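A.B. asks: pasting the sequence and the predicted coordinates here, then a few questions.
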Amino acid sequence: MDRPRRTRPVLAALTAVLLAVPGITALSSAARAADADLARNGGFESGLDGWSCTAGSGTTVNSPVRSGSSALQATPAGSDNAQCAQTVTVQPNSQYTLSGYVRGSYVYLGASGTGTTDVSTWTQSAPDWQKLTTTFTTGAATTKVTIYTHGWYGTGAYYADDVSLVGPGASTGQPPAAPTGLKAGTVTSSSVALSWTAVTGATGYAVYRDGAKVQTASGTSATVTGLSPSTAYSFQVTAINDAGESAKSAAVTATTTASTGGGSTDLPTHALVGYLHASFANGSGYTRVADVPDSWDVIDLAFGEPTSVTSGDIRFNRCPVSECPNVESDADFKAAIKAKQAAGKKVLISIGGANGQVQLTTTAARDTFVSSVSNIIDTYGLDGLDIDFEGHSLSLNADDTDFKNPKTPVIVNLISALRTLKAKYGSKFVLSMAPETFFVQMGYQYYGTGKWGGQDPRCGAYLPVIYALRDDLTLLHVQDYNSGPIMGLDNQYHSMGGADFHIAMTDMLLTGFPVAGDANNVFPPLRPDQVAIGMPASTNAGNGYVAPAEVVKTLDCLTKKTNCGSYPTHGTWPALRGLMTWSVNWDRYSNWEFQRTFDGYFG
């Protein structure tokens with residue numbers, strides 16, 4: 001958000017070459033006698049049961065099919081080859097034949113983790129069903145292999161059916177016993193740490209919250225996050241091995257603590273947030289703080305910007321008289337802020353914007369950031385800080401693959417700086433963030449440079465910051481504008497211009513989502529009182545403007561589950577905090593349309 005808007009980042013094209021030579025090994029007649037088809041749901045008659053497709057790229061269709069009533073359809077993207085895979089239990093030192101029928105261009109069938117030479121086979125073009133076959137021998141210690149099919153980047157949908165893996169089956173034995181000793185450890189306002197006694201023969205564990213499976217663990221502990229403050233939860237654990245899942249353990253109950261972070265800042269139940277052009281006019285004219293109507297509950301002063309990209313030294317320069325002839329004096333500016341606060345409003349300094357690139361590459365820059373931002377807050381008596389880092393401010397290093405444990409200095413230092421500021425000013429300190437969809441919801445498909453490299457390293461880069469500060473975060477209002485199409489949890493792409501886009505993007509924040517398609521690496525949901533929806537105030541303010549009727553549809557669907565469109569939401573959130581807009585100035589320019597829509601809805 002700034003003058004002028006820049007083109008949003010796009011994913012870099014992923015280039016790679018996959019070459020494989022299928023092994024050719026004749027099975028003995030004795031081996032064939034013991035062979036079985038080990039692939040689960042190879043005909044896709046049970047949907048995707050047993051299969052996992054990257055970034056939600058796969059689905060089942062009724063036409064075309066090679067046999068039965070269903071087949072797999074998977075659609076590659078520019079940086080995803082739409083791989084669908086399953087892991088199969090096998091015997092060591094054994095021979096297997098993998099086969100399947102495919103349609104489309106550049107379709108691959110293969111096996112990995114064989115313990116010897118991984119294999120694949122492919123067809124450049126199959127306008128009708130074509131059988132692909134390859135064979136391999138497992139290694140001396142191999143008990144599992146992964147079989148897969150995939151297409152090629154950006155080449156269109158492919159189809160697969162009747163996939164089989166023929167060879168000696170492996171005895172899976174019995175499921176393990178139920179875990180014992182389950183107990184709750186550290187409890188916060190949004191998380192509960194659990195631990196339990198190891199079970200002999202278990203290869204993993206599943207954690208249940210109030211009867212629903214919420215995560216898996218490889219060891220004997222897990223922390224369940226995304227919980228609501230002051231709420232009692234019941235937890236159970238099961239043990240898992242190749243034979244299946246145990247019975248559930250005895251339940252343990254834990255009650256989360258009262259919120260000490262983002263929810264304690266005296267905001268109204270539903271809040272209207274707006275950016276005020278305090279350092280420039282941007283064609284919309286200058287609006288004095290005193291002239292901002294009472295409807296606006298949070299006023300973000302735009303912008304504080306660094307002296308250089310990596311200095312961490314943030315300065316807030318008020319709009320000069322030459323650009324803003326009606327600008328108030330410093331004394332009147334400070335007095336107006338105090339008057340707004342006396343009326344229960346929050347006034348924040350927003351750092352960044354499209355032109356304010358901030359990269360805290362060193363601890364020295366981090367410390368300078370803290371001291372310079374503190375100086376701005378103290379000078380003007382502000383209530384807190386808004387982080388509006390855009391462009392190249394946040395980017396993930398190639399080895400930074402886990403949003404829960406970031407390594408990249410610009411990410412780690414930002415988290416540290418914000419925690420320091422929150423600790424300095426206490427529980428009433430308002431902390432908000434305004435990332436773009438590319439840095440948050442796009443993380444459902446892609447994270448950083450990706451497994452194979454070549455993706456835009458900025459993709460999903462806000463996720464570790466939001467996750468680390470989720471207990472301190474007052475408001476997250478993602479910019480649902482100036483955005484390209486984003487895939488929602490329905491695995492469909494959604495574009496700006498209507499209520500569905502805002503509904504899909506907000507549902508992802510309130511439901512949580514697997515990062516980069518990894519079901520074992522889930523970004524947990526935020527509380528609804530932490531979430532506001534970011535929209536442009538007018539057609540002048542940015543791409544993605546929607547008319548008041550679409551704003552009402554969005555709010556109806558998310559808070560009442562009425563007036564919904566094509567996107568299936570995963571809940572109803574009457575406590576959704578509200579709306580954010582760029583900007584107060586542009587809304588004034590457009591006769592306060594956005595403000596009047598908010599007031600008309602929430603009263």
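C.D. replies: It's in. Numbering: from 1, shown residues only.
A.B. asks: centre of the chain versus the helix or strand hosting residue 373, how much separation?
C.D. replies: If you go by DSSP states H and E, residue 373 is part of helix 363-380. Centre-to-centre, helix 363-380 and its host chain are 29 Å apart (C-alpha atoms, centre = their mean, to the nearest Å).
A.B. asks: same for the helix or strand that it is followed by, what does it pack against?
C.D. replies: Moving toward the C-terminus from helix 363-380, the next helix or strand (DSSP H and E) is strand 384-389. Counting contacts by 3 or more C-beta pairs under 8 Å, 6 or more residues apart in numbering; DSSP states H and E, strand 384-389 packs against strand 298-306, strand 346-353, helix 363-380, helix 409-425, strand 430-433. Every residue, glycine included, has its C-beta placed from N, CA and C.
A.B. asks: out of those, nearest to residue 542?
C.D. replies: Nearest of these to residue 542, taken as C-beta to C-beta: strand 346-353 at 12.3 Å.
A.B. asks: sheet partners, orientation included, of that closest one?
C.D. replies: strand 298-306 (parallel), strand 384-389 (parallel) (DSSP bridges).
A.B. asks: okay if I get these as CSV plus mean neighbour count, distance to residue 525 and mean pLDDT?
C.D. replies: Below are the strands paired with strand 346-353 laid out as CSV (neighbours: other C-beta atoms under 10 Å; distance: least, C-beta to C-beta, whole Å; pLDDT from 0 to 100):
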stretch, mean neighbour count, distance to residue 525, mean pLDDT
strand 298-306, 26, 22, 97
strand 384-389, 26, 20, 97
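A.B. asks: so for residue 58, which of the ones you listed sits nearest?
C.D. replies: Short answer: strand 384-389, nearest of the strands paired with strand 346-353 by C-beta to C-beta, at 34.0 Å.
A.B. asks: give me the angle between that closest one and helix 363-380.
C.D. replies: Between strand 384-389 and helix 363-380, the angle comes out at 130 degrees (axes from the mean of the first three to the mean of the last three C-alpha atoms, to 10 degrees).
A.B. asks: got the CA coordinates for strand 384-389 in CSV?
C.D. replies: What follows is strand 384-389, C-alpha atoms only, in CSV (Å, rounded to 0.1, in the frame of the first residue of the first chain):
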residue,chain,number,x,y,z
GLY,A,384,1.3,0.4,18.6
LEU,A,385,2.8,-0.8,15.3
ASP,A,386,1.6,-2.1,12.0
ILE,A,387,3.9,-4.1,9.8
ASP,A,388,3.3,-3.6,6.1
PHE,A,389,6.4,-5.2,4.6
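A.B. asks: what is the orientation angle of it with helix 409-425?
C.D. replies: Going by the same axes, to 10 degrees, strand 384-389 makes 170 degrees with helix 409-425.
A.B. asks: what residues does strand 384-389 touch?
C.D. replies: If you take C-beta atoms under 8 Å, 6 or more residues apart in numbering as the criterion, strand 384-389 is touched by 1, 265, 300, 302-303, 346, 348-353, 356, 358, 373, 377, 414, 418, 421, 425, 429-435, 462, 465, 474.
A.B. asks: so which residues of the chain form helices?
C.D. replies: 29-33, 330-342, 363-380, 409-425, 463-468, 499-511, 548-560, 584-589, 593-602 (DSSP state H).
A.B. asks: ok, which of the ones you listed comes nearest residue 282?
C.D. replies: Per C-beta to C-beta, nearest to residue 282 of those: helix 584-589, 6.9 Å.
A.B. asks: helices or strands up against the closest one?
C.D. replies: Looks like helix 584-589 contacts strand 271-277, helix 593-602 (3+ C-beta pairs under 8 Å, 6+ apart).
A.B. asks: tell me the contacts of residue 173?
C.D. replies: 201, 241, 242, 243 are the contacts of residue 173 under C-beta under 8 Å, 6+ apart.
A.B. asks: residue 92 against residue 143, yeah?
C.D. replies: Yes. Under the criterion of C-beta atoms under 8 Å, residue 92 makes contact with residue 143 at 6.6 Å.
A.B. asks: got the helices of the chain as TSV, with mean pLDDT, mean neighbour count and distance to residue 446 columns?
C.D. replies: Converted to TSV, these look like this (pLDDT from 0 to 100; neighbours: other C-beta atoms under 10 Å; distance: least, C-beta to C-beta, whole Å):
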stretch	mean pLDDT	mean neighbour count	distance to residue 446
helix 29-33	39	10	42
helix 330-342	97	14	40
helix 363-380	97	18	27
helix 409-425	95	19	16
helix 463-468	96	24	11
helix 499-511	96	24	14
helix 548-560	97	19	25
helix 584-589	97	26	31
helix 593-602	97	19	32
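A.B. asks: of these, which is nearest residue 74?
C.D. replies: Of all the helices of the chain, helix 499-511 comes closest under C-beta to C-beta, at 21.1 Å.
A.B. asks: give the other helices and strands that the closest one contacts.
C.D. replies: Against helix 499-511 (3+ C-beta pairs under 8 Å, 6+ apart) you get strand 486-487, strand 493-494, strand 532-536, helix 548-560.
A.B. asks: now do 7 Å
C.D. replies: strand 493-494, strand 532-536, helix 548-560 (3 or more C-beta pairs under 7 Å, 6 or more residues apart in numbering; DSSP states H and E).
A.B. asks: mind checking the pLDDT average for the second one?
C.D. replies: Right, strand 532-536. Averaged across strand 532-536, pLDDT comes to 98.
A.B. asks: now swap in the shortest one and tell me
C.D. replies: Taken as a whole, strand 493-494 has a mean pLDDT of 94.
A.B. asks: partners of that strand in the sheet?
C.D. replies: strand 486-487 (antiparallel).
A.B. asks: one step back: distance to residue 576 for the strands paired with strand 346-353 - can I get that in a markdown table?
C.D. replies: Formatted as a markdown table, these follow (distance: least, C-beta to C-beta, whole Å):
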| stretch | distance to residue 576 |
| --- | --- |
| strand 298-306 | 15 |
| strand 384-389 | 19 |
